[in-house]
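Chemist: Could you work out the structure for the sequence below:
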Amino acid sequence: MESLAPATYNEIMMADPPAVTTPFVDAQRDFLVGQVWSRPGLSRRNRRWVTLTCVGAADAQQPIEDHVRAALSSGDIDVHELLEFVLHFAVYNGWPKASHLEGVIRRQWAMMEIAEGRSGALTAPDQASLGPNDWDERIARGTQEFIDVNLIEAPKPETPYIHAGILNFVFGHVWQRPGLSRRDRRFITVASVAVCDSMLPLKSHTGSALESGDITKAEMDEVVLQLAAYSGFAKGEALHAVAEDAWARLGN
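Modeler: Numbering: from 1, shown residues only. The predicted model follows:
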């Protein structure tokens with residue numbers, strides 16, 4: 001495996017591997033890239049969603065730059081998908097972290113565009129992407145989307161958090177946007193609630209991802225390992241325990 005690690009590193013990070021000068025760099029090349037990223041149970045695109053969520057949530061400056069560049073350079077995720085990711089990431093990890101993440105994406109993409117002789121300018125999204133502006137329709141759509149995503153009854157809109165936040169914005173808009181599939185959003189959300197140590201959302205989103213079949217048990221096992229590698233084995237252990245309990249409750 002060690003002999004394959006440099007080539008695998010180049011394929012994943014779209015850069016030459018660093019020289020092995022410390023135990024950390026050795027483990028980064030041999031274990032993280034040579035073994036974790038190389039496992040067949042999860043697509044590289046979905047490993048990128050988990051990893052981008054982890055490094056974004058951790059405010060890890062250089063890893064954010066490196067993984068955004070790699071995602072774009074590899075073609076695994078295009079710039080429009082990454083910018084849509086930022087909005088979903090903001091919901092679960094906070095707007096300040098998302099603001100920094102968007103700045104990196106825009107800068108990395110612009111540099112790549114300019115290097116190819118293009119302008120590097122983005123086109124503003126169509127207003128239609130904002131969805132209906134009939135508030136009753138919006139809340140009704142958000143209520144149904146909450147049920148469809150979480151596979152439980154929606155809460156009553158009795159507080160600003162539930163009414164304006166959860167039913168109007170998160171499920172009335174963000175989860176329904178066309179820029180990412182629901183399956184994409186599952187990977188981002190599970191990773192987000194795991195790195196945030198949010199136990200109730202962690203149980204809810206992990207369980208519904210498995211129950212819906214949007215993430216298979218084999219894929220969830222790989223998400224646990226990928227997240228543990230980038231956010232720590234303690235957080236990975238928490239996600240693993242929740243996933244195992246949810247899988248058992250489903251009768252498996």
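Chemist: Can you identify each of the helices in the stretch 51-200 of the chain by residue range?
Modeler: The residue ranges that make up the helices of the stretch 51-200 of the chain, judged by DSSP state H, counting those that start in this stretch, are 61-74, 79-93, 95-115, 135-150, 160, 182-195, 199-212.
Chemist: Please identify the most buried of these.
Modeler: Highest mean neighbour count among those (mean count of other Cβ atoms under 10 Å): helix 182-195, with a mean of 24. Where you see a C-beta, it was placed from the backbone N, CA and C, and this is true even at glycine.
Chemist: CSV for the helices of the stretch 51-200 of the chain, including distance to Cys54?
Modeler: Shown next, in CSV, are the helices of the stretch 51-200 of the chain (distance: least, Cβ to Cβ, whole Å):
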stretch, distance to Cys54
helix 61-74, 9
helix 79-93, 10
helix 95-115, 12
helix 135-150, 22
helix 160, 30
helix 182-195, 6
helix 199-212, 14
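Chemist: what residue ranges in this structure are flagged as low confidence?
Modeler: When residues are selected by pLDDT under 70, those of the chain lie in 1-5.
Chemist: redo that, cut-off 90
Modeler: Screening the chain residue by residue with the criterion pLDDT under 90, one finds the ranges 1-8, 17-19, 29-30, 34, 118-126, 132, 252.
Chemist: any idea how far the most centrally placed residue in it lies from Ala124?
Modeler: Residue closest to the average C-alpha location in the chain (Cα atoms, centre = their mean): Ile188, at 2.6 Å. With distances defined as Cβ to Cβ, to the nearest Å, the gap from Ile188 to Ala124 amounts to 23 Å.
Chemist: likewise Ile114?
Modeler: Taking Cβ to Cβ as the measure, Ile114 falls 20 Å from Ala124.
Chemist: Kindly report the same for Glu222.
Modeler: Between Glu222 and Ala124 the distance is 37 Å, computed by Cβ to Cβ.
Chemist: who has more neighbours, the two?
Modeler: Between Glu222 and Ala124, counted using other Cβ atoms under 10 Å, Glu222 has the larger neighbour count: 20 against 6.
Chemist: Please name the nearest non-neighbouring residue to the more buried one.
Modeler: Nearest in space to Glu222, with sequence neighbours left out and distances taken as Cβ to Cβ, 6 or more residues apart in numbering, is Leu42 at 3.7 Å.
Chemist: Could you do Pro17 as well?
Modeler: With Cβ to Cβ, 6+ apart as the criterion, Pro17 has its nearest non-adjacent residue at 3.9 Å, and that residue is Tyr9.
Chemist: Show me what the helix or strand containing the one you found packs onto, helices and strands only.
Modeler: Taking DSSP states H and E as the criterion, Tyr9 maps to helix 5-13. Contact partners of helix 5-13 among helices and strands, from 3 or more Cβ pairs under 8 Å, 6 or more residues apart in numbering; DSSP states H and E: helix 61-74.
Chemist: which residues sit against the helix it packs on?
Modeler: When contacts are taken as Cβ atoms under 8 Å, 6 or more residues apart in numbering, the neighbours of helix 61-74 outside the stretch itself are 11-15, 44, 48, 51-52, 55-56, 77-79, 82, 100-101, 104-105, 108-109, 112, 230.
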